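S.K.: fold the following for me, if possible:
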Amino acid sequence: MDIRMVRGLMAGAAAASLLAGCVVEGEDAYAEDWPGIVSLQVIQGRNTLHTCGGTMIAPQWLLTAAHCVDQARIEGTGKAAQFERGEDGMVYRLGPLRVAANRTSLSEDEDTSTYAVTEVHVHPDYVSGAYERGSDIALLKIEPGYDGPLMPVEGLGPAPAELVDDTYLDVAGYGNMAETDDITGALNAGGRAIYAPSLRLQQASVPVVDTETCRAMLDEMIALHGIEADYGDYQLGEGTVCAGLGGPDACYGDSGGPMVTRDTAYDPVQVGLVSWGLGCGRDDSPGVYTRVSAYAGWIEDTVGPLGAES
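M.R.: Down below sits the predicted model:
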């Protein structure tokens, strides 16, 4: 398994060009607090590699980041495989794309079942390889059989939340716990080797940063590192949420995973998904999340009314 190539799929949350996109400075999380959380995985022989996060929002539909699957293809079998463009410009097949749901631990949980992906819908306004330009959102349909919990989504039932400056939101994933962490591996209950930046689900709380403050901070970071050619035309606005001011943050491997607000009973509603950022957990470098309510119409057009038979 070419770990270096597959790692490119994770890069959006950490902006690989800055240094080279699990929750940094987070804490152990439990899947029951994150209903429908998933791990997108590439299969190669007896090896499995986590690439991105996501959430089940309907019995056969999950929400993730477009940059996680913009190279995925439905093959003649009717199931998706993951592809990636190498440094030589060639596109390589990495292996079948599978979905594991509701895992507190990717290696220790007794449930080892996964689901094949049968449809890939990347938002039509997304520009491949340019997650910083916005519309970094995708929907995947999986084969029948999933009957687990679903993640409520703002704008699709729950009303959009008021996200003011310094509101704290929760984010979770199986990504790096430090910016320069490496991938770790272990055998799961079925004897298959599973690799991820963090095999244990992690979570953290991050403060909302208003758009203009976020823009000023990102502009300064881009100028400091001389990466205007890569990020000079990034987009912020109604389709994004900025959060994090150093310390807790999303990182490599968290892309596509959920950002939620919680009610007094600790029940979550997804308001965002992990998209990109300049490094992980850096001072004055907020993470950028896709605001899911901005795409509620597209989600409903693709999936149908949530709660209906899909």
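
S.K.: only alpha carbons, please: show stretch 184-192 as PDB.
M.R.: Extracted C-alpha coordinates of stretch 184-192, given in PDB (Å, rounded to 0.1, in the frame of the first residue of the first chain):
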ATOM      1  CA  THR A 184      -0.500   4.000  12.800                       C
ATOM      2  CA  GLY A 185      -1.800   0.500  12.300                       C
ATOM      3  CA  ALA A 186      -3.300  -2.500  14.100                       C
ATOM      4  CA  LEU A 187      -5.200  -5.700  13.400                       C
ATOM      5  CA  ASN A 188      -9.000  -5.400  13.700                       C
ATOM      6  CA  ALA A 189     -11.300  -8.000  15.100                       C
ATOM      7  CA  GLY A 190     -11.500  -9.700  11.700                       C
ATOM      8  CA  GLY A 191      -7.700 -10.000  11.400                       C
ATOM      9  CA  ARG A 192      -7.400  -7.200   8.800                       C
END
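
S.K.: can you list contacts of it?
M.R.: 46-48, 106-112, 193-199 (CB atoms under 8 Å, 6 or more residues apart in numbering). All C-beta atoms are positioned from the backbone trio N, CA, C, and that covers glycine.

S.K.: if we use 10 Å, what do you get?
M.R.: Under the criterion CB atoms under 10 Å, 6 or more residues apart in numbering, residues 1, 3, 43, 45-49, 100, 103, 105-114, 193-200 lie in contact with stretch 184-192.

S.K.: so which of those residues sit within strands?
M.R.: If you go by DSSP state E, those have 43, 47-49, 100, 193-196 in strands.

S.K.: quick one, helices of this protein?
M.R.: 3-7, 16-19, 66-69, 211-225, 228-231, 296-303 (DSSP state H).

S.K.: give me the buried entries from the contacts of stretch 184-192.
M.R.: Taking 16 or more other CB atoms under 10 Å as the criterion, what is buried in these is 1, 43, 47-49, 100, 103, 105-107, 109, 112, 114, 193-200.

S.K.: before we move on, back to that, what's the closest of the helices of the chain to T290?
M.R.: For T290, the closest of these is helix 66-69, at 8.5 Å, according to CB to CB.

S.K.: could you give the mean pLDDT of that closest one?
M.R.: What helix 66-69 shows for mean pLDDT is 96.

S.K.: tell me which other helices or strands it touches.
M.R.: Other helices and strands packing on helix 66-69, by 3 or more CB pairs under 10 Å, 6 or more residues apart in numbering; DSSP states H and E, are strand 47-58, strand 80-85, strand 115-122, strand 138-142, strand 268-276.

S.K.: let's see 7 Å
M.R.: On a contact count with 3 or more CB pairs under 7 Å, 6 or more residues apart in numbering; DSSP states H and E, helix 66-69 meets strand 115-122, strand 138-142.

S.K.: which one, of those strands, ends up nearest to I74?
M.R.: From the helices and strands packed on helix 66-69, taking CB to CB, the stretch that ends up closest is strand 115-122, at 6.6 Å.

S.K.: that closest one: how far from the chain's middle?
M.R.: 15 Å (CA atoms, centre = their mean, to the nearest Å).

S.K.: please tell me the pLDDT value assigned to D88.
M.R.: 85.

S.K.: before we move on, what about the one 3 residues further on?
M.R.: At V91 the predicted local confidence, pLDDT, stands at 87.

S.K.: how about it, what does it touch?
M.R.: Residues near V91 by CB atoms under 7 Å, 6 or more residues apart in numbering: 83, 85.

S.K.: pLDDT weak spots in the chain?
M.R.: 1-26, 176-182, 246-252, 280-283, 307-310 (pLDDT under 70).
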